[in-house]
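# with the sequence up front, the predicted model follows.
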Amino acid sequence: MRIGYPCINRTVECQGDKTFRLKNYSEKRLIETVKNNLECLEKILEYNRKNQILFFRISSDIVPFASHPICEFDWQGHFSEDFRSIGRFVKKFNMRISMHPDQFIVLNSKRSEVVENSVRELVYHAEIMDAMELDIEQKIQLHIGGMYGDKTASKARFVKRYVELPEEVKKWLVLENDDRIYNIEDCLDVSGRTGVPVLFDYFHDNMNPSEIELSETFKLVKKTWKAKDGLPMVDYSSQRKKDKSKSHAESIDLRDFRRFLDDSRPHDMDVMLEIKDKEKSALKAVRLARKDSRFLING
DNA sequence: GGCAGTCAAGTACGC
DNA sequence: GCGTACTTGACTGCC
């Protein structure tokens, strides 16, 4: 079991992913931004290694506009050594990487230009993984997409589009249950028809539950991951507070996390903490998970 | 210096 | 059909 957090670290003295708008696009700016992002990523991974945080989600903005027509720059060539070096670091310390393209990626959209953009964006994500020369235990997670008033047809459309994807993209993909439309049962269904591994989101499953019992869910999900895919990845976040007061200090609820550890036993998995204070919660979770026999120590 | 509006990309939903 | 909510933070521009 590895513990991880997504994209941002506020402890490390480095600010990646600065806002970069299309209006301000220039090759010079792109190079500066990517250089900065990669330096930050290195620092974050170093911080993580020191703190036994062996799982990390890389921001999709690491190369801004990479899938946009405006970008004609050969970033893969220009930064090849930097990406390779990060990949070596990840391998050396037995770390794991994921990526999560955002809401604009809708493979089952009814609009062809949305599908085309989505595929381009997925290709870009695969290129990042390739640039780091990592194996397919690293994963790119996506949702099934929209419902369009007909879940069955929309799921079928996803299956069709997924099957048509190039193998170089497909091999990285995993499917995640969402909080409103497609629950874990839907994902397992699509997985059965495509072979795509299923990433279980514990919090989404609370909001958008299936008929399947939790212990059974862990079992079924695990079966969708083949040896080459590595351990199942799971997204975890604590129940959001119901009160309306805008308390920003959202941190991990260790009692709830302990329950999660208990609920998921004996299955081994890598856990991504989707929690506002990122690395701070990850540190707390690591402290707790260390006592669990599943927890992986690096080196 | 502070604050509100805005940012590449989508879908759901109410009117 | 159109506008807004969803959701995040930080930049941008206006005062």
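Sure, I can see it.
# which residues of the stretch 101-250 of chain A lie near DNA strand C?
Residues of the stretch 101-250 of chain A lying near DNA strand C by CB under 7 Å from any atom of the strand: none. All C-beta spots, glycine's among them, are computed from the backbone N, C-alpha and C.
# poorly predicted segments of chain A, please.
Chain A contains residues with pLDDT under 70 at A:17, A:239-249, A:299.
# all strands for it, in order.
A:3-6, A:55-58, A:96-99, A:139-142, A:173-176, A:198-201, A:233-236, A:270-273 (DSSP state E).
# just name the most buried of those.
Compared across those, strand A:198-201 shows the largest average neighbour count, a mean of 27 (mean count of other CB atoms under 10 Å).
# how about the strands of chain A in TSV, adding distance to DNA strand B?
Shown next, in TSV, are the strands of chain A (distance: least, CB to the nearest atom of the strand, whole Å):
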stretch	distance to DNA strand B
strand A:3-6	16
strand A:55-58	14
strand A:96-99	13
strand A:139-142	12
strand A:173-176	16
strand A:198-201	17
strand A:233-236	19
strand A:270-273	20
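# ok, residue A:297 to residue A:51 distance?
Applying CB to CB, to the nearest Å, the value for residue A:297 to residue A:51 is 12 Å.
# likewise residue A:40?
16 Å.
# between these two, who's got more neighbours?
residue A:40 (21 against 15; other CB atoms under 10 Å).
# so for residue A:26, which of the strands of chain A sits nearest?
strand A:55-58 (23.8 Å; CB to CB).
# output the closest one as PDB, restricted to C-alpha atoms.
Written as PDB, here are the backbone C-alpha positions of strand A:55-58 (Å, rounded to 0.1, in the frame of the first residue of the first chain):
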ATOM      1  CA  PHE A  55       2.100   7.700  -4.800                       C
ATOM      2  CA  PHE A  56       1.600  11.000  -6.600                       C
ATOM      3  CA  ARG A  57      -0.800  12.400  -9.200                       C
ATOM      4  CA  ILE A  58       0.900  14.600 -11.800                       C
END
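# just give the closest residue to residue A:208, not the sequence neighbours.
Leaving aside its sequence neighbours, residue A:208 sits nearest to residue A:183 (CB to CB, 6 or more residues apart in numbering; 4.8 Å).
# just checking, the one you found touches residue A:209?
Yes. The pair residue A:183 / residue A:209 is scored as a contact, 6.4 Å apart, by CB atoms under 8 Å.
# who's more crowded, the two?
Set residue A:183 next to residue A:209 and count neighbours by other CB under 10 Å: residue A:183 wins out with 22 against 14.
# ok, the more buried one - contacts?
A:177, A:204, A:205, A:208, A:209, A:210 (CB atoms under 8 Å, 6 or more residues apart in numbering).
# that concludes my questions; thank you for your assistance.
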